[in-house]
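Novice: Just the structure for this:
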Amino acid sequence: MSAAVSARLRRHVVERAFGLCEYCLIHQDDAHFSFQVDHIISRKQRGPTTAANLALACLRCNVAKGTDPGTLIGRPRRLVRLFHPRQDRWDEHFRLSAARIIPLTDVGEATVQLLNLNAGDRLLLRRTLIKAGRYPSLEALAYLRD
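Specialist: Numbers count the residues shown, from 1 in each chain. Reported below is the predicted structural model:
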């Protein structure tokens, strides 16, 4: 079931995302590791290797997401899908409160929870970037306006 992402398609995904992780909005220039092209719906779940099913993701977000299409949230527990960068608008599901990513919807809550977007080390990185004037980056602000 191997469907490699071509160099051309990878360039398209990176350019479309302005070099940002489409989940946490960190810019690739501010990460220790190269960002990965994420299958939003995983190949394991029969997601295609097409531009419409690909997103740019930092290593932390991509590893945490894995092949999961959703997660259980709330009481009683219910399965909720994750944020889909090609179908959803980031600012409809999340808002930034300083370094913290605040969920606004169940989809936002599921994504924040599963991707552990507000883990202590991730907040520390975003606080450091805020002090340096790099978070949200100009690219992130443009991404949010699209």
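
Novice: And the helices in the protein?
Specialist: Remark: helices assigned in the chain by DSSP state H are 7-16, 59-65, 90-93, 106-115, 120-131, 138-145.

Novice: now the first one, how far from the chain's geometric center?
Specialist: Just to be clear, that refers to helix 7-16. From the chain centre to the centre of helix 7-16 is a distance of 16 Å (Cα atoms, centre = their mean, to the nearest Å).

Novice: which ones are touching V5?
Specialist: Going by Cβ atoms under 8 Å, 6 or more residues apart in numbering, V5 touches 13, 37, 49, 54. In short, each C-beta sits where N, CA and C put it, glycine included.

Novice: Please name the bridge partners of the last one.
Specialist: So that's L54. Note on L54: beta-bridge partners by DSSP bridges are H39.

Novice: I'd say it and S42 touch.
Specialist: No. L54 is beyond contact range of S42, at 11.3 Å (criterion: Cβ atoms under 8 Å).

Novice: higher neighbour count, these two?
Specialist: The neighbour count for L54 versus S42, taken as other Cβ atoms under 10 Å, is higher for L54 (25 against 15).

Novice: Okay, R16 and A98: tell me how far apart.
Specialist: Here the criterion is Cβ to Cβ, to the nearest Å. By it, R16 lies 27 Å from A98.

Novice: and if you look at S42?
Specialist: For S42 relative to A98 (Cβ to Cβ), the value is 32 Å.

Novice: For stretch 29-44, what is the spacing between the initial and final residues?
Specialist: 30 Å (Cα to Cα, to the nearest Å).
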